[in-house]
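Asks: the sequence isn't on hand, but the structure is:
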Ligand SMILES: Nc1ncnc2c1ncn2[C@@H]1O[C@H](COP(=O)(O)OP(=O)(O)OP(=O)(O)O)[C@@H](O)[C@H]1O
Ligand SMILES: [Mg+2]
């Protein structure tokens, strides 16, 4: 049974200021799949993610959602695409003038055209889903980093996205707040949410990802199942990168969390 | 010679009350128009295509860089001689003042609005875009509500200034507070008393306006958007 890919990225090239930031990148995610982008700083992970929803449009290549190639020239198609592809940012990017609930609700009203009551109900459901049912009226200035990131996940989920793009969702968090966000991500994976995530949380994501994509200088230089790439004597780039990261972090846990 | 109190009650206050009404009819529309212009121009200066932004920068420089009296003289005394498509526009003193104040105030207001807009982090714009919001929705739902809160203290100050510079309308023959005061002083030769009371009227207007602006600020205040009290 070969499921068709829900998101297909083909031969993406992106040049910024004469520099090739993405060089012929291709991959595909099936429904419920989780691809994890790993690689050194500047490898192009963030750029790749923002090419997928055309926040920074690729120079060439094709993005297809549900088998349909996206026409980057059509504003209407792009707006439709972005409603179906949620994005989580490293520094949350909540709307500062809106409460947690209003942050989740605003796109339901302004983009989906829901009436206020239906949107509020939906927003409250999504907040409950990320464990923030008791904080709907707090403003971003009153929330911790972990809470802010969970609100931003709820905000993306409210639009029922087919795919969720996560750009280092825990990198801006204090160590003690990372866990609560990872728990939410794990729940999403268990519920079958399709995701593409850039992260340095290698051993965490190893237990969830169906594939690791190791990027360097704008190319995917290595790809494979986490178990294979991380096995101690694989000699893979991923393995040595992971070893280096955990050395820096001062723990020796570059293994698949079981 | 009557005493000050009698003179104030019988002569100054009746005259100034008429002038006060005229002043209010100048200040309220001019400040509202000024804010409207400021919001439109400020937004366009940040987000509109380059040529439009450039043209509006010139507008702001022109109105901030020339004396308001000269601007009023232009609208009242010079405009009738300027033929626009064969039509010569003659403005009443009131309209010349309202338009003059609104355009000048709008130039300053646009600076505050622009500052407010620029204070919004790019990440929030990306987030709005990623949610499928159109640029227009992003501006109205994300950008302006925040920019306005950040700009509010500056905009409020500009309205306070407008109340005071509205007195310049008297030099193009508007019988506002200052105008009424001046005619009364001329006819009674009691300059000191008259102008002290005129000053008190402006002080009262400014106090009321300050109070209202504080209330608005308080009302719009949100966590993370506190305005520093001075
Ligand atoms: N707007 C831009 N202008 C110029 N260069 C850019 C721009 N955006 C990204 N780059 C460059 O593109 C390259 C890839 O950046 P990108 O942010 O995608 O990397 P990354 O893999 O996400 O890194 P990190 O782990 O630090 O987030 C970097 O060399 C960066 O300097
Ligand atoms: Mg990045």
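Replies: Everything's here; your move. What you see is a predicted model, and the numbers here were worked out from it, not measured in a lab. Residues are numbered from 1 along each chain as shown, chains lettered A, B, ... in the order given. Ligands and ions are numbered 1, 2, ... in the order given.

Asks: so where's the stretch 1-150 of chain A uncertain?
Replies: A:1-2 (pLDDT under 70).

Asks: for ligand 1, what are the nearby residues on it?
Replies: A:16-17, A:21, A:39, A:41-47 (CB under 6 Å from any ligand atom). Backbone N, C-alpha and C define where each C-beta goes, glycine included.

Asks: so who does residue A:189 touch?
Replies: By CB atoms under 8 Å, 6 or more residues apart in numbering or on different chains, the contact list for residue A:189 reads A:34, A:195, A:208.

Asks: please indicate which of the residues of the stretch 1-150 of chain A next to ligand 1 are buried?
Replies: A:21, A:39, A:43-47 (16 or more other CB atoms under 10 Å in any protein chain shown).

Asks: now, which of those sits nearest residue B:174?
Replies: Nearest to residue B:174, judged by CB to CB, of these is residue A:46 at 59.4 Å.

Asks: gap between the closest one and residue A:63?
Replies: 16 Å (CB to CB, to the nearest Å).

Asks: what about the strands in chain B?
Replies: Along chain B, the stretches classed as strands by DSSP state E are B:83-84, B:87-88.

Asks: okay, now the residue in chain A positioned nearest to chain B: neighbour count?
Replies: Nearest residue of chain A to chain B, counting by CB to the nearest CB: residue A:141, 3.0 Å away. Residues within reach of residue A:141, counting by other CB atoms under 10 Å in any protein chain shown, total 13.

Asks: does it touch residue A:98 like I think?
Replies: No: contact criterion CB atoms under 8 Å: residue A:141 and residue A:98 do not qualify, at 11.3 Å.

Asks: in chain B, what residue spans correspond to helices?
Replies: Under the criterion DSSP state H, chain B contains helices at B:4-7, B:13-47, B:50-65, B:68-73, B:93-118, B:122-130, B:135-137, B:144-165, B:177-188, B:191-220.

Asks: residue of chain B closest to ligand 1, please.
Replies: residue B:122 (10.5 Å; CB to the nearest ligand atom).

Asks: quick one on the thing from earlier: among the strands of chain B, which is nearest residue B:18?
Replies: strand B:87-88 (31.2 Å).

Asks: mind listing what that closest one pairs with, with the direction of each?
Replies: Each strand paired with strand B:87-88, and its direction, by DSSP bridges: strand B:83-84 (antiparallel).

Asks: in strands, which of the contacts of residue A:189 fall?
Replies: Counting by DSSP E, those place A:34, A:195 in strands.

Asks: and the contacts of residue A:189, which is closest to ligand 1?
Replies: residue A:195 (16.5 Å).

Asks: for the closest one, give me its contacts.
Replies: A:29, A:33-35, A:163-166, A:185, A:188-189.

Asks: 10 Å instead?
Replies: Residue A:195 is in contact with A:7, A:29, A:32-36, A:86, A:88, A:161, A:163-166, A:185, A:188-189, A:205, A:208-209, counting by CB atoms under 10 Å, 6 or more residues apart in numbering or on different chains.

Asks: pull out the buried residues from those residues.
Replies: A:7, A:29, A:33-36, A:86, A:88, A:161, A:163-166, A:185, A:188-189, A:205, A:208-209.

Asks: looking at those residues, which are in helices?
Replies: Per DSSP H, these map to helices at A:185, A:188-189, A:205.

Asks: what parts of chain B come near ligand 1?
Replies: So chain B never meets ligand 1 (CB under 6 Å from any ligand atom).

Asks: what residue in chain B comes nearest to chain A?
Replies: Closest point on chain B to chain A, by CB to the nearest CB, is residue B:224, at 3.0 Å.

Asks: count of residues packed around that residue?
Replies: Residue B:224: 13 neighbours (other CB under 10 Å).

Asks: before we move on, what about residue B:159?
Replies: 22.

Asks: same thing with residue B:92?
Replies: The number of residues near residue B:92, taken as other CB under 10 Å, comes to 12.

Asks: so it sits against residue B:174, correct?
Replies: Yes: contact criterion CB atoms under 10 Å: residue B:92 and residue B:174 qualify, at 9.1 Å.

Asks: so what's the residue minimising distance to the centre of chain B up against?
Replies: Nearest to the geometric centre of chain B sits residue B:31, at 3.7 Å (CA atoms, centre = their mean). By CB under 10 Å, 6+ apart, the contact list for residue B:31 reads B:98, B:101-102, B:105-106, B:109, B:155, B:158-163, B:166, B:209.

Asks: let's go with 7 Å and repeat that
Replies: By CB atoms under 7 Å, 6 or more residues apart in numbering or on different chains, residue B:31 lies in contact with B:105, B:159, B:162.

Asks: over to residue B:155?
Replies: Residues counted as contacts of residue B:155 (CB under 7 Å, 6+ apart) are B:35, B:109, B:112.

Asks: from those residues, list the buried ones, please.
Replies: Buried among the contacts of residue B:155 by 16+ other CB under 10 Å: B:35, B:109, B:112.

Asks: now do the last one, the pLDDT please.
Replies: Read it as residue B:112. pLDDT recorded at residue B:112 is 95.

Asks: isn't it up against residue B:150?
Replies: No: Residue B:112 lies out of contact with residue B:150 (CB atoms under 7 Å); the separation is 8.5 Å.

Asks: which helix or which strand is home to residue A:10?
Replies: For residue A:10, the element it lies in under DSSP states H and E is strand A:5-16.

Asks: elements contacting that strand?
Replies: strand A:19-30, helix A:45-52, strand A:60-65 (3 or more CB pairs under 7 Å, 6 or more residues apart in numbering or on different chains; DSSP states H and E).

Asks: which residues are in contact with it?
Replies: With CB under 7 Å, 6+ apart as the test, strand A:5-16 has contacts from A:21-31, A:47-48, A:51-52, A:56, A:58-66, A:162-163, A:194.

Asks: re the thing from before, can I get the strands of chain B in JSON lines with mean neighbour count?
Replies: Formatted as JSON lines, these follow (neighbours: other CB atoms under 10 Å in any protein chain shown):
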{"stretch": "strand B:83-84", "mean neighbour count": "8"}
{"stretch": "strand B:87-88", "mean neighbour count": "9"}
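
Asks: and those as TSV, adding mean pLDDT?
Replies: Formatted as TSV, the strands of chain B follow (pLDDT from 0 to 100):
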stretch	mean pLDDT
strand B:83-84	81
strand B:87-88	82
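
Asks: can you put these in JSON lines and add distance to residue A:243?
Replies: Formatted as JSON lines, these follow (distance: least, CB to CB, whole Å):
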{"stretch": "strand B:83-84", "distance to residue A:243": "76"}
{"stretch": "strand B:87-88", "distance to residue A:243": "80"}
